[in-house]
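Undergrad: give me the fold of what follows.
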Amino acid sequence: MGTLAAKRSTVLLLPGQGSQHLRMAAGLFGTEPVFTTAMDEVFTELGAEGDRLRADWLAERPAVELDHVTRSQPLLFAVDHALGRLVLSWGVRPGAVLGHSIGELAGAVLAGVFALSDAVALMRDRIRLLRDGPPGGMLAVAASPQEVAPFLGGDVVIGAYNAPRQTVLAGSDPALEKTGAALLEADFTCRRIPSLSPFHSPALAPAVEGSAALIAALPVRAPRIPLHSCYTALPLRPEEAADPEYWAAQPVAPVRFWPALDALLADGDAVLVETGPGQGLAQLARRHPAVRSGRSAVVPLLPARPGPPERDRASVAAAREALIGLGAAPGSG
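TA: Modelled structure (predicted):
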């Protein structure tokens, strides 16, 4: 096992829209100093809105529902970033970072592309533009993009290709409901993803128009850790990282998680660490032949489902031990 582990790189997987849930990772707040500091840094950057965001995150009954763009996006960013910081504090040295949707922006901070304050400014402007954007949603379908293609219509499009038989559709609610009914009638399994906006669809293009201007004013650096793009499915080149249009297009462009993961694992085996709420990306990664064969491994940081605070802490402790056992993190001794 030691020889195999030595050949593996460590990859951070950062989830995006749809993985949020009530009090996600809140069991670590106040008990894991690195995580707590990183969360508070994001809240501080957001000013008064950060105080309201923290209150809703820690509340059993938030004032604003977590699926709203003003809550899901900044909290997913904050939790992904803080968990990534926690993993780095264990001495883990990632060979790559792969973020899904808003997870890519958190990954860009960990990879050194943006300073935290600049990424928060980008995200705050994006939320400002999207909060009054067209309502809609997202629908996960147990089918390939080719299988769902005949059912697309109106403004419903493929928003994400997550796995060989997991495709996410996005669009306005009436059109999405019609498409979902047709898919169910054809015996496809469908599930609504927690979202009140049609992320990764052209429906959001008018809402984010002009956002590249703010991004162009932000300092950008070449990734110091390879940042694999969920949009090109390739490592982000320095010129792409410096292109404001690349970041401005993220809410509209389709996510290509599976092709990105496939290309990443084609370069070598890896320990894939999900640093975000739930285990959605871990479940997808376990379907990959490199993981099913045992050459690559998957380690989620948090429980698959919401639970009491102590479950968060136990899950993180178990993940750290797993990473030590796999040679991805140095032992405490």
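
Undergrad: any idea which helix is longest in the protein?
TA: helix 69-89 (DSSP state H).

Undergrad: packing partners of that one?
TA: The elements that helix 69-89 packs onto, with contact taken as 3 or more CB pairs under 8 Å, 6 or more residues apart in numbering; DSSP states H and E, are strand 9-14, helix 33-45, helix 48-58, helix 102-110, helix 116-130. Glycine gets a C-beta too; all of them are placed from N, C-alpha and C.

Undergrad: show me what secondary structure element comes after that helix.
TA: Next helix or strand after helix 69-89 toward the C-terminus (DSSP states H and E): strand 96-99.

Undergrad: using CSV, write down the CA coordinates of that next one.
TA: Below are the C-alpha coordinates for strand 96-99, written out as CSV (Å, rounded to 0.1, in the frame of the first residue of the first chain):
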residue,chain,number,x,y,z
ALA,A,96,-4.6,19.6,-8.0
VAL,A,97,-7.9,21.3,-7.2
LEU,A,98,-11.2,20.6,-8.9
GLY,A,99,-14.2,22.7,-8.0
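
Undergrad: numbering from 19 from now on, please.
TA: OK, 19 is where the count begins now, so the last one is strand 114-117.

Undergrad: need the residues that contact it.
TA: Strand 114-117 is contacted by residues 27, 29-32, 34, 98, 102, 123-126, 128-129, 241, 243-246, 248, 253, 275, 278-279, 282, 288 when judged by CB atoms under 8 Å, 6 or more residues apart in numbering.

Undergrad: run me through the strand neighbours of it, direction for each.
TA: Sheet pairing of strand 114-117 (DSSP bridges) gives strand 27-32 (parallel), strand 245-246 (parallel).

Undergrad: mind putting those in a markdown table, mean neighbour count and distance to Glu339 included?
TA: Shown next, in a markdown table, are the strands paired with strand 114-117 (neighbours: other CB atoms under 10 Å; distance: least, CB to CB, whole Å):
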| stretch | mean neighbour count | distance to Glu339 |
| --- | --- | --- |
| strand 27-32 | 26 | 15 |
| strand 245-246 | 25 | 27 |
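
Undergrad: ok, which of those strands comes nearest Arg111?
TA: Minimum separation from Arg111 across these (CB to CB) falls at strand 27-32, 6.9 Å.

Undergrad: just want the angle from that closest one to helix 87-107.
TA: Relative orientation of strand 27-32 versus helix 87-107 (axes from the mean of the first three to the mean of the last three CA atoms, to 10 degrees): 160 degrees.

Undergrad: what distance separates strand 27-32 from the centre of its chain?
TA: Chain-centre distance of strand 27-32: 12 Å, with CA atoms, centre = their mean, to the nearest Å.

Undergrad: just want the angle from it to helix 120-128.
TA: Relative orientation of strand 27-32 versus helix 120-128 (the same axes, to 10 degrees): 130 degrees.

Undergrad: contact partners of strand 27-32?
TA: 98, 102, 105, 110-118, 121-122, 124-125, 128, 282, 286-294, 299-300, 303, 341, 346.

Undergrad: emit the ChimeraX select command for whichever of the residues you listed are buried.
TA: To isolate the buried ones among these in ChimeraX, judged by 16 or more other CB atoms under 10 Å, type:
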select :98,102,105,110,112,113,114,115,116,117,118,121,122,124,125,128,282,287,288,289,290,291,292,293,294,299,300,303,341,346
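
Undergrad: mind checking the helices and strands packed on helix 87-107 for the one nearest to Gly177?
TA: It is, among these and with distance given as CB to CB, helix 120-128, at 13.3 Å.

Undergrad: pLDDT of that closest one, averaged?
TA: For helix 120-128, mean pLDDT is 98.

Undergrad: quick one: work out the angle between that helix and helix 134-148.
TA: Using the same axes, to 10 degrees: helix 120-128 against helix 134-148 is 160 degrees.

Undergrad: contacts for helix 120-128, please.
TA: The contact list for helix 120-128, computed with CB under 8 Å, 6+ apart, reads 30-35, 91, 94-95, 98-99, 102-103, 106, 112, 115-117, 132-134, 137, 140-141, 241, 243, 245, 247-249, 259, 265, 268, 294.

Undergrad: I'd like the strands paired with strand 114-117 as a markdown table, with mean pLDDT and distance to Val334 appended.
TA: Compiled in a markdown table, the strands paired with strand 114-117 are given as follows (pLDDT from 0 to 100; distance: least, CB to CB, whole Å):
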| stretch | mean pLDDT | distance to Val334 |
| --- | --- | --- |
| strand 27-32 | 98 | 14 |
| strand 245-246 | 98 | 24 |
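
Undergrad: indicate which one of the ones you listed is closest to Leu222.
TA: With CB to CB as the criterion, Leu222 lies closest to strand 27-32 of the strands paired with strand 114-117, at 20.8 Å.

Undergrad: tell me the bridge partners for Gly189.
TA: Note on Gly189: beta-bridge partners by DSSP bridges are Gly155.

Undergrad: can you give me the neighbour number for it?
TA: Counted with other CB atoms under 10 Å, the neighbours of Gly189 add up to 27.

Undergrad: got the contact list for it?
TA: Shown in contact with Gly189 (CB under 8 Å, 6+ apart): Gly154, Gly155, Gly172, Asp173, Val174, Val175, Thr197, Pro216, Ser219, Ala221.

Undergrad: give me that answer again for 7 Å
TA: Gly154, Gly172, Asp173, Val174, Val175, Pro216, Ser219, Ala221 (CB atoms under 7 Å, 6 or more residues apart in numbering).
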